[in-house]
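Colleague: Compute the structure for the input listed below.
(one chain, ligands or ions: 1)
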Amino acid sequence: MLPDNPRFSSGPCAKPPNFNLENLSGAPLGRSHRAAVGKDKLREAIEVTRVILGVPDDYRIGIVPASDTGAMEMAMWNLLGQRPVEILAWESFGAGWITDVVEQLKLDATVRLADYGQIVDLSKVDFDKDVVFTWNGTTSGVRVPNGEVIPVDRQGLTICDATSAAFAMNLPWDRLDATTFSWQKVLGGEAAHGMLILSPRAVERLESYTPDWPLPKIFRLTKGGKLIEGIFEGATINTPSMLAVEDYLQALKWAGSVGGLKGLIARADANTAVLETFFGQNSWIDFLAEDPATRSNTSVCLKFTDPRIKDGAAFANAVAKRLEAEQVAFDIGAYRDAPPGLRIWCGGTVETADLEALMPWISWAFETEIENLAQTA
Ligand SMILES: Cc1ncc(COP(=O)(O)O)c(C=O)c1O
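Modeller: Numbers count the residues shown, from 1 in each chain. Prediction:
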């Protein structure tokens, strides 16, 4: 039996199960995003995001350009430079932020790195410095196990890329100062727009400190030393896609219908449990994440552990290609910089029954490729 929906990509992710282009017919297309009709939609996107994610009332939520990357770079370019920085990475996206901080902003940061499958020792991090990290490493399937290690009374700011975590994991807002995500991940929205969530302390930093590097208009969050409040009320810096906004609103509505954040977490956990059970029954496959406490419930990365496999990348590619050709699973090859294997998205927009249907196909593709190895040996 084929999965009803073979879309297991880690971004853009599967759209909500009730998705239909007709649902977007309420988008105010061909109208100014600054007209009341557009602004109301943008404001609603911010307000519903706040409700579903449980963001405190005194935190600002802004819709910003250039997806999660735009939101993260905006946070780093605006906030960093006032105090020492620590930057943590355990996979490719976190490593990308190191390039920004060390090579572009040229900050003398303390860099903490862990290999794919592992996580840095968070207890060693000095949170009186500004700390930049990725909550869920999308390309390794390793996430922060919980936020308690981040002191509530820290001196530094935490800048957190939560793009594959938001809407699937509990984010402790009192421990996060600048949090970012994009619509194209857990809610299966469209690309192009990012969300930037700022704590009161992050706003205080913005209003009391001006970095000594240039800030292009697309990054500017303050004017005359004051926060541009409009950005956090739906007055975007430049023109957003109202079609993408409508799609995000529909996805939020669906999220509400499955029980909000709690329901989304339960769906992602149930999805991941299907894989965990399968890995438990098959000795040739396992999570890439070593410590169960750090295992992602969205971007689940797996490795083939059969000793007969000599060229891991070729083997995993062949499995992924075979599954795609059968219309069983699209886009499940490991990320290009990650160790060979597969990556199967388990966020809430994926139906558990589709993962259950996928598992026997993984066995089939594995066995077929192992036979191929024997024949070509
Ligand atoms: C952890 C993480 N950060 C950043 C990005 C980049 O996101 P975007 O393409 O939405 O800017 C991704 C996308 O996969 C990601 O997983």
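
Colleague: Give me the three-state assignment for the residue positioned nearest the centre of the chain.
Modeller: Centroid-nearest residue in the chain: S164, 1.9 Å away (criterion: CA atoms, centre = their mean). Classification of S164 using DSSP: H, G, I helix; E, B strand; the rest coil returns coil.

Colleague: try I87
Modeller: I87 ends up strand, using three-state DSSP.

Colleague: for the residue of the stretch 251-377 of the chain found nearest the ligand, which residues make a bridge with it?
Modeller: Among all residues of the stretch 251-377 of the chain, S299 sits closest to the ligand, at 7.1 Å; criterion: CB to the nearest ligand atom. In short, each C-beta sits where N, CA and C put it, glycine included. Beta-bridge pairing for S299 (DSSP bridges): W345.

Colleague: mind listing what it touches?
Modeller: Residues near S299 by CB atoms under 8 Å, 6 or more residues apart in numbering: S10, N136, G137, T138, T139, G141, S164, R343, W345, C346.

Colleague: what about 10 Å?
Modeller: 10-11, 13, 91, 136-143, 164-165, 168, 185-186, 289, 335, 343-347 (CB atoms under 10 Å, 6 or more residues apart in numbering).

Colleague: what's the pLDDT at R336?
Modeller: pLDDT recorded at R336 is 89.

Colleague: show me which of the contacts of S299 neighbour the ligand.
Modeller: Within the set of the contacts of S299, contact with the ligand (CB under 6 Å from any ligand atom) is found for G11, T138, S164.

Colleague: Strands of this structure, start to end?
Modeller: Using DSSP state E, the strands of the chain run over 60-65, 85-89, 110-113, 130-134, 136-137, 142-143, 158-161, 178-182, 193-198, 222-223, 226-227, 285-287, 299-304, 342-345.

Colleague: Could you list the paired strands of the fourth one along with their orientation?
Modeller: Pairing partners of strand 130-134, with direction, according to DSSP bridges: strand 85-89 (parallel), strand 158-161 (parallel).

Colleague: tilt between the longest helix along the chain and strand 299-304?
Modeller: Assignment by DSSP state H gives helix 352-376 as the longest helix of the chain. Using axes from the mean of the first three to the mean of the last three CA atoms, to 10 degrees, the inter-axis angle of helix 352-376 relative to strand 299-304 is 30 degrees.

Colleague: Check which helices and strands helix 352-376 is in contact with.
Modeller: helix 260-281, strand 285-287, strand 299-304, helix 312-325, strand 342-345 (3 or more CB pairs under 10 Å, 6 or more residues apart in numbering; DSSP states H and E).

Colleague: mind redoing it with 7 Å?
Modeller: Here helix 352-376 touches helix 260-281, helix 312-325, going by 3 or more CB pairs under 7 Å, 6 or more residues apart in numbering; DSSP states H and E.

Colleague: Which of the residues in that helix are classified as buried?
Modeller: For helix 352-376, a neighbour-count test (16 or more other CB atoms under 10 Å) marks 352, 354-355, 357-359, 361-362, 365-366, 369-370, 373 as buried.

Colleague: picking up where we left off before, can you convert the helices and strands packed on helix 352-376 into JSON lines and add a column each for mean neighbour count, distance to P172 and mean pLDDT?
Modeller: Formatted as JSON lines, these follow (neighbours: other CB atoms under 10 Å; distance: least, CB to CB, whole Å; pLDDT from 0 to 100):
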{"stretch": "helix 260-281", "mean neighbour count": "18", "distance to P172": "13", "mean pLDDT": "98"}
{"stretch": "helix 312-325", "mean neighbour count": "17", "distance to P172": "35", "mean pLDDT": "98"}
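
Colleague: Just send these back as TSV, with distance to the ligand too.
Modeller: Converted to TSV, those look like this (distance: least, CB to the nearest ligand atom, whole Å):
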stretch	distance to the ligand
helix 260-281	15
helix 312-325	17
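
Colleague: Of the strands paired with strand 130-134, which stretch is the most buried?
Modeller: strand 158-161 (a mean of 26; mean count of other CB atoms under 10 Å).

Colleague: Could you pull up the mean pLDDT of that one?
Modeller: In this model, strand 158-161 has an average pLDDT of 99.

Colleague: what comes into contact with that strand?
Modeller: With contact meaning CB atoms under 7 Å, 6 or more residues apart in numbering, strand 158-161 is reached by 68, 72, 75-76, 79, 93, 97, 130-135, 150, 175-180.

Colleague: Keep only those that also lie close to the ligand.
Modeller: For the ligand, the contacts drawn from the contacts of strand 158-161 by CB under 6 Å from any ligand atom are D68, F93, T134.

Colleague: Which of the residues you listed has the largest number of neighbours?
Modeller: Within those, most neighbours by other CB atoms under 10 Å means T134, with 30 neighbours.

Colleague: Show me which of the buried residues of helix 352-376 is closest to A191.
Modeller: D354 (22.5 Å; CB to CB).

Colleague: For the closest one, which non-adjacent residue is closest in space?
Modeller: Nearest residue to D354, sequence neighbours excluded (CB to CB, 6 or more residues apart in numbering): P3, at 3.7 Å.

Colleague: check contacts around the one you found.
Modeller: Neighbouring residues of P3 by CB under 7 Å, 6+ apart: V328, D354, A357, L358.

Colleague: now, the most widely separated pair of those?
Modeller: The widest separation within those (CB to CB) is 9.8 Å, between V328 and D354.
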